[in-house]
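Need coordinates for the following:
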Amino acid sequence: MLDVIIIGDGPAGLSAAINARQRALETAVISIDRTSSGLFKASLIDNYPGLPGITGSDLSDKLIAHATESGAQLIAGRVISILPSGGSFYLGYGESVIDAKCVILATGVSQTSLFPGEEKLLGSGVSYCATCDGMLYRGKRVCAVCLAPDADEEVHYLTSIGCDVIRIETQNVTINGDSSVTSVTANGDDIVCSGVFIFRKSVAPHLLLSNLKTENGHISISFECETNIPGVFAAGDCTGTPYQIAKAVGQGQIAALNAAQYISKIK
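Numbers count the residues shown, from 1 in each chain. A predicted model of the protein is given here:
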């Protein structure tokens with residue numbers, strides 16, 4: 001079991017990783033495709049103290065190098081679930097599961113609203129994981145909403161196990177059904193199906209972790225970066241404005257230091 005798992009490899013997540021390693025905590029950072037982030041694409045960052053005129057990709061590279069040199073483990077993957085269990089947390093990503101004593105959410109601001117019907121039918125035909133739930137739909141028609149870099153791999157898996165996959169590449173989606181999925185409407189066209197797999201770059205925090213308190217799409221935290229769930233902390237843009245690198249880095253440090261205190265109390 002790790003001490004800390006951090007979701008997100010932006011400034012908040014990597015600052016948390018660096019500071020967690022300063023406290024000798026066994027630390028992993030899970031994220032997917034940082035090259036598509038707003039930070040990485042920024043051509044000029046001129047308001048981060050001490051590094052005027054740096055590009056987003058250069059700053060991202062420096063943060064990654066610092067975190068890995070400090071001993072943090074970087075894992076490529078899209079986290080699809082967090083399950084508290086007996087004082088620890090199990091995180092599902094891809095085909096794998098990893099556990100830790102505490103979690104730091106540094107997922108960034110959610111760029112995508114949920115589709116109509118998505119939250120209502122989650123677990124009743126709506127899934128984010130082909131490996132987890134694909135066998136339930138073997139021999140059946142499913143829709144795959146492909147909005148993430150790993151979508152091709154997920155669609156290939158569904159096809160390989162005998163699902164009839166209809167690929168959808170649009171944000172204009174409605175998921176239909178009362179107690180379970182019966183169809184998907186995409187760009188005005190109705191597609192009858194038994195389930196829908198939604199592959200985004202990330203899952204909304206309150207869908208990752210049941211009962212996580214949010215407000216206006218942001219994770220609610222204390223001044224110590226604690227969420228309402230003991231052992232779960234949050235930092236950076238996912239906690240609200242201002243969406244600034246300096247704020248994210250500072251909150252990452254606060255989250256890591258308080259995570260270290262939390263772990264010392266539960267040992």
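
How is this structure partitioned into domains?
The chain breaks down by automatic domain parsing into domains covering 2-111+203-266, 126-199.

Tell me which of these lies nearest to Glu118.
For these, the distance to Glu118 is smallest for domain 126-199, at 5.6 Å, taking Cβ to Cβ. To be clear about C-beta, it is placed using only N, CA and C from the backbone, and glycine gets the same treatment.

For that closest one, measure first residue to last.
Taking Cα to Cα, to the nearest Å, domain 126-199 runs 11 Å from one end to the other.

Redo the domains of the chain as JSON lines? Include distance to Lys120 and mean neighbour count.
What follows is the domains of the chain, written out as JSON lines (distance: least, Cβ to Cβ, whole Å; neighbours: other Cβ atoms under 10 Å):
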{"stretch": "domain 2-111+203-266", "distance to Lys120": "12", "mean neighbour count": "19"}
{"stretch": "domain 126-199", "distance to Lys120": "8", "mean neighbour count": "18"}
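
what would the ones you listed look like in JSON lines with mean pLDDT?
Putting the domains of the chain into JSON lines (pLDDT from 0 to 100) gives the following:
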{"stretch": "domain 2-111+203-266", "mean pLDDT": "93"}
{"stretch": "domain 126-199", "mean pLDDT": "94"}
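
How many neighbouring residues does Lys120 have?
Neighbours of Lys120 under the rule other Cβ atoms under 10 Å: 13.

That one sits in which helix or strand?
Lys120 belongs to no helix or strand when assigned by DSSP states H and E.

per-residue confidence for it?
Note on Lys120: pLDDT of 95.

hmm, back to that, Serialize the domains of the chain to a markdown table and add fields for distance to Glu119.
Compiled in a markdown table, the domains of the chain are given as follows (distance: least, Cβ to Cβ, whole Å):
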| stretch | distance to Glu119 |
| --- | --- |
| domain 2-111+203-266 | 7 |
| domain 126-199 | 8 |
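
Which among those is found nearest to Gly117?
The nearest among those, by Cβ to Cβ, is domain 126-199 at 3.4 Å.

Now stretch 168-188 - C-alpha only, CSV.
C-alpha atoms of stretch 168-188 as CSV (Å, rounded to 0.1, in the frame of the first residue of the first chain):
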residue,chain,number,x,y,z
ILE,A,168,-19.8,8.3,-31.2
GLU,A,169,-17.5,11.4,-31.4
THR,A,170,-19.6,14.3,-30.4
GLN,A,171,-20.5,16.3,-27.2
ASN,A,172,-24.2,16.5,-28.3
VAL,A,173,-25.3,13.3,-26.5
THR,A,174,-28.4,12.4,-24.5
ILE,A,175,-28.7,9.1,-22.7
ASN,A,176,-32.2,7.7,-22.6
GLY,A,177,-34.0,5.3,-20.2
ASP,A,178,-35.9,5.1,-17.0
SER,A,179,-34.3,2.4,-14.9
SER,A,180,-31.6,1.4,-17.5
VAL,A,181,-30.2,2.6,-20.7
THR,A,182,-32.5,2.0,-23.7
SER,A,183,-30.9,4.4,-26.3
VAL,A,184,-28.5,7.2,-27.0
THR,A,185,-29.4,10.3,-29.0
ALA,A,186,-26.3,11.8,-30.7
ASN,A,187,-26.6,14.9,-32.9
GLY,A,188,-30.4,14.2,-33.1
